[in-house]
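Engineer: When you get a sec, could you give me coordinates for this:
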Amino acid sequence: MSNVKGWYVRVDVPVVFNIDMKIGVCETSEDRAAREAQRIACDWLDRGCYKTDLEEQLPARFKLCDTDWMRGSITADLDFDSMEAYAELDSDFDPEDDDEDIKIRNVMEAVQCLNEAFHGLPDDHPLQEWRETHGIAAVRDQLNSLAVYCDQTYRIMHEEQGYDMCFDWDFVPQFLENCVEDDFSVKSENPRVLSMHWSGI
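Structural biologist: Sure, this is the predicted structure:
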């Protein structure tokens, strides 16, 4: 027995689990909705912010089955190849729920507010330089196209995130600054993605 020694052995046990994300999207089919949700999830996860969040949320030490466990120092990366999505219809969603006249008025208001915000931009702003190249008529066309996305993004911010600031003086200028590329194209056709751009996420 003289050769017997006491040991503390660290057993590295890989633990694998799934984290569900619920993402609301508007699409014409289950497959298209699943693909769009996966694209949004990948866009968010590519920024890497989940790693810090996981390390903060998972305890460094915990007790399981009367055994003391300590989380490893390296957070496992995500396996994008095995990502799966399961779509289900939103029973509360009704595309005809809003009165058509209200929709039209909302978009018209968005166009007017975008026009005001555009003319308030400094002379050296990239969008002003775009106007110098393409002309004011082209700017009007672009603002008309942006108005639908602006209105949709505002409604998501208001209904889902509780945004209650002024639409014309607060929301629209930041939309023009954060959600529009220098060539006057929208940064995403998905209003939920645009809401993240708007917030600077």
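
Engineer: My understanding was that residue 86 contacts residue 34; is that so?
Structural biologist: Yes - Residue 86 is in contact with residue 34 according to CB atoms under 8 Å; the separation is 7.1 Å. C-beta here means a position set from N, CA and C on the backbone, and glycine is covered the same way.

Engineer: Which of those two has more residues huddled nearby?
Structural biologist: Neighbours per residue (other CB atoms under 10 Å) separate residue 86 from residue 34, with residue 34 holding more: 17 against 9.

Engineer: my read: the more buried one touches residue 41, true?
Structural biologist: No - with contact defined as CB under 8 Å, residue 34 does not count as touching residue 41 (10.5 Å).

Engineer: thought residue 110 was touching residue 155?
Structural biologist: No - checked against CB under 8 Å, the pair residue 110 and residue 155 is beyond contact range at 10.5 Å.

Engineer: From the neighbour counts alone, determine which of these two ranks first.
Structural biologist: Taking other CB under 10 Å, residue 110 and residue 155 do not tie; residue 110 has more neighbours (26 against 15).

Engineer: any idea how far residue 145 is from that one?
Structural biologist: Per CB to CB, to the nearest Å, residue 110 is found 11 Å from residue 145.

Engineer: Ok, residue 38 next?
Structural biologist: Residue 38 is 26 Å from residue 145, by CB to CB.

Engineer: What of residue 138?
Structural biologist: Distance from residue 138 to residue 145, by CB to CB: 11 Å.

Engineer: got the CA coordinates for the helix or strand hosting residue 176 in PDB?
Structural biologist: In this structure, residue 176 sits in helix 172-178 according to DSSP states H and E. Output of helix 172-178 as PDB, limited to C-alpha atoms (Å, rounded to 0.1, in the frame of the first residue of the first chain):
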ATOM      1  CA  VAL A 172     -37.400  58.900 -38.500                       C
ATOM      2  CA  PRO A 173     -34.100  60.800 -38.300                       C
ATOM      3  CA  GLN A 174     -32.500  57.800 -36.600                       C
ATOM      4  CA  PHE A 175     -34.000  55.400 -39.100                       C
ATOM      5  CA  LEU A 176     -32.500  57.400 -41.900                       C
ATOM      6  CA  GLU A 177     -29.100  57.500 -40.200                       C
ATOM      7  CA  ASN A 178     -28.900  53.800 -38.900                       C
END
